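> Sharing a model prediction with you, sequence too.
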Amino acid sequence: ATPVSIMVGSGRAAQLGVLFRSGAALEGLGEARVVALDKTGTVTRGVMEVTDVLPAPGFGREELLRLTAAAESASEHPLARAIERAAGSGVPAASDFEAIPGYGLRATVEGRRLEVGAARFMERLGLELGDLGAQAGALAAQARTPVFVAVDGGLTGLIAVADPLREGSVRAIEELRRQGSEVALITGDTRATAEAVAAQAGIARVLAEVLPEGKAQAVTELQAGGQKVAFVGDGINDAPALAQADVGVAIGTGTDVAVETADVILMSGDLRGVPNAVALSRATLRNIR
Ligand code: ADP
Ligand code: MG
């Protein structure tokens, strides 16, 4: 690569709000055959909102929200912020908080033991989902994430949370496909929710229920056969996948760890920066060759 064409590419990139960390990144992005996208905070806004509160019989709606919000107060997951906002004021204190990455959390609230998280967490605890399981399935089909709540070892309800797509996501994915890239979605979320989001976004390939340490492994699987993979993410748990990918792309408004690990940074949260950067990378390669 000649330094001059890389500088030209980088100047144009800056105008588009894309920062290439190196000449190798500027050259490499256009060669990626697969563009894998993290779901939460990358394809979606990552600003979630509670849409449904479904207590089990004998449990109040307010009570369910209040206890769950208390348990979530020490969590850093965007789901936690949505549940806290929905509960409002008057949330009691929690103790013995323990995060279980990829599953949920445990905490003690008003002397009661709470376990909050995904269906697979409840299954791991040996709980039958029953009617709530069926309701969760219907909510997931609408792209909502179901959060189950157990109090003192008994299932007491379900809270559903929605995370709308980012404004540019559909257009960005359309453009990537037009450019000939295969687009994949990687997420820790429930399969049904992930597939509903993928359908809204126009993504055919979905890797769901991926545990936090599994995202880099998922990228490795996409690299099978030697095809080059770009991974786009925003979170702390995306750093290993950003490092494993041939080109790691971070959302500039994401966490510091993601931004520091990435080869390419999208200064705005708009995913359309990805196809723009791919086009620029290819144009630069044509200039060099
Ligand atoms: P993602 O970033 O894709 O949501 P995570 O690995 O952080 O992936 O979480 C995977 C799943 O575990 C979430 O979709 C959710 O169902 C559950 N989970 C994780 N943290 C929490 C939490 N604080 N409260 C409720 N559920 C949680
Ligand atoms: Mg994310």
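Ah, there it is. Ligands and ions are numbered 1, 2, ... in the order given.

> mean confidence score for the host helix or strand of residue 278?
Under the criterion DSSP states H and E, the helix or strand holding residue 278 is helix 273-288. Rounded to a whole number, the mean pLDDT of helix 273-288 is 91.

> Same check on stretch 145-159?
If you average the pLDDT over stretch 145-159, you get 97.

> circling back: the helix holding residue 278: which residues count as buried?
Neighbour-count burial for helix 273-288, counted by 16 or more other Cβ atoms under 10 Å, picks out 273-281, 284-285. In short, each C-beta sits where N, CA and C put it, glycine included.

> Ok, stretch 141-153 next?
Within stretch 141-153, the residues that qualify as buried by neighbour count (16+ other Cβ under 10 Å) are 143-151.

> State the distance from residue 182 to ligand 2.
20 Å (Cβ to the ion, to the nearest Å).

> from the buried residues of stretch 141-153, which is closest to residue 259?
Of all the buried residues of stretch 141-153, residue 259 sits closest to residue 145, with 25.1 Å by Cβ to Cβ.

> Just to check, residue 38 is in contact with residue 240?
No. Under the criterion of Cβ atoms under 8 Å, residue 38 lies out of contact with residue 240, with a separation of 11.7 Å.

> list residues touching both of these two?
Common contacts of residue 38 and residue 240, defined by Cβ atoms under 8 Å, 6 or more residues apart in numbering, comprise residue 215.

> Quick check on those two: which one has the bigger neighbour count.
Under the neighbour definition other Cβ atoms under 10 Å, residue 38 and residue 240 were set side by side, and residue 38 has more, 28 against 21.

> For that one, which non-adjacent residue is closest in space?
Sequence neighbours aside, residue 233 is the residue nearest to residue 38 in space, at 3.8 Å (criterion: Cβ to Cβ, 6 or more residues apart in numbering).

> who's in contact with that neighbour?
Residue 233 makes contact with 37-38, 41-42, 215, 241-242, 248-251, 254, 258 under the criterion Cβ under 8 Å, 6+ apart.

> okay, these in TSV with distance to residue 89 and secondary structure next?
Listed next are the contacts of residue 233 as TSV, based on distance: Cβ to Cβ, whole Å; DSSP: H, G, I helix; E, B strand; the rest coil:
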residue	distance to residue 89	secondary structure
37	37	strand
38	33	strand
41	27	helix
42	32	helix
215	36	helix
241	38	helix
242	38	helix
248	41	strand
249	40	strand
250	35	strand
251	32	strand
254	30	coil
258	33	helix
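
> Next, residue 155: secondary structure please.
Using DSSP: H, G, I helix; E, B strand; the rest coil, the secondary structure recorded for residue 155 is strand.

> can you confirm residue 98 is in a strand?
Yes. The assignment for residue 98 (three-state DSSP) places it in a strand.

> going forward, begin numbering at 37 instead of 1
Okay, using 37 as the starting number, the last item reads as residue 134.

> Per-residue pLDDT of the residue lying closest to it once chain neighbours are set aside, please?
If you skip the residues right next to it in sequence, residue 134 has residue 142 as its closest partner in space, 4.5 Å away by Cβ to Cβ, 6+ apart. According to the per-residue confidence, residue 142 scores 98 in pLDDT.

> Next, residue 142: secondary structure please.
When the structure is split into helix, strand and coil by three-state DSSP, residue 142 lands in strand.

> Hmm, it is touching residue 148, no?
No. Under the contact definition of Cβ under 8 Å, residue 142 does not touch residue 148, with a separation of 11.6 Å.

> can you narrow the contacts of residue 269 to ones near ligand 2?
The subset of the contacts of residue 269 within reach of ligand 2, by Cβ under 5 Å from the ion, is 74, 77.

> In CSV: the contacts of residue 269, plus distance to residue 194 and pLDDT.
Written out in CSV, the entries for the contacts of residue 269 read as follows (distance: Cβ to Cβ, whole Å; pLDDT from 0 to 100):
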residue, distance to residue 194, pLDDT
73, 27, 98
74, 25, 96
77, 23, 92
78, 26, 95
251, 26, 95
277, 30, 96
278, 33, 96
284, 35, 97
285, 35, 97
286, 33, 95
287, 30, 91
290, 29, 82
294, 31, 90
